[in-house]
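Asks: 3D, please:
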Amino acid sequence: MNVITSNEEICVKYCRRSIQLALLLILILSAIAIVQLANVNASDITKNIMSLLPVYIVVSIVWLSTLRKKVGSMSSSDIFRIVIGDELRVHSLNRSFRSTFLLMIFSQIPMAYYFTVNNVLNASIIQSIVTIVVGVTSFLMFFLIYDR
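Replies: Residues are numbered from 1 along each chain as shown. Predicted coordinates for the structure are as follows:
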């Protein structure tokens, strides 16, 4: 029984680490996109940040592979299916969806006000990107908070 519990915990840790890395990558890419659209002269800054992106990807793959060695051959086993289909995890997903939906609805009000008051050139594109980023990041963050 202890072996299954430790294997389940390793699987949960691996899933959480993967979600954290995906969240960080989404935040970096969205910040680059928003800076490029909001400021025309920011191409040098974003070019330097984009050159560091492969380094981040390599570091994150190495970080995940250290835990992947502990997971080993369990990746295709029933333990991952048990962890993913866990009732508490499904409940956490549902709570995350609801919280994200409410946050998305209420985040449109200040964005719409900001873009009507300020004269921004690409306001609709920036608002679309910010909406997508807020939705994805809030869902992942709420899921990480609500999950185990």
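Asks: Would you mind finding the longest helix in the chain?
Replies: Ranked by residue count and defined by DSSP state H, the top helix of the chain is helix 2-38.
Asks: buried sites along that helix?
Replies: Using 16 or more other CB atoms under 10 Å as the test for burial, helix 2-38 gives 7-8, 10-12, 14-15, 17, 21, 23, 30, 32-34, 36-37. Every residue, glycine included, has its C-beta placed from N, CA and C.
Asks: residue contacts, A33?
Replies: Neighbouring residues of A33 by CB atoms under 8 Å, 6 or more residues apart in numbering: I129.
Asks: Renumber starting at 306 from here on
Replies: New numbering, starting at 306: the last item is A338.
Asks: need the contact list for F420.
Replies: F420 neighbours (CB under 8 Å, 6+ apart): 428, 431-432.
Asks: and what of L332?
Replies: L332 makes contact with 438, 442 under the criterion CB under 8 Å, 6+ apart.
Asks: what separates it from I389, distance-wise?
Replies: From L332 across to I389, the span is 24 Å (CB to CB, to the nearest Å).
Asks: T421 is in what secondary structure piece?
Replies: helix 392-422 (DSSP states H and E).
Asks: Could I get the buried residue list for that helix?
Replies: Buried residues in helix 392-422 (16+ other CB under 10 Å): 394, 397-398, 401, 404-405, 408, 412, 420.
Asks: Ignoring the adjacent residues along the chain, who's closest to the spatially most central residue of the chain?
Replies: Computing the C-alpha centroid of the chain and ranking residues by CA atoms, centre = their mean puts L328 first, at 2.3 Å. Setting aside the residues directly before and after it, L328 is nearest to L445 in space (CB to CB, 6 or more residues apart in numbering), at 4.5 Å.
Asks: and the one you found, what pLDDT?
Replies: Looking at L445, its pLDDT is 90.
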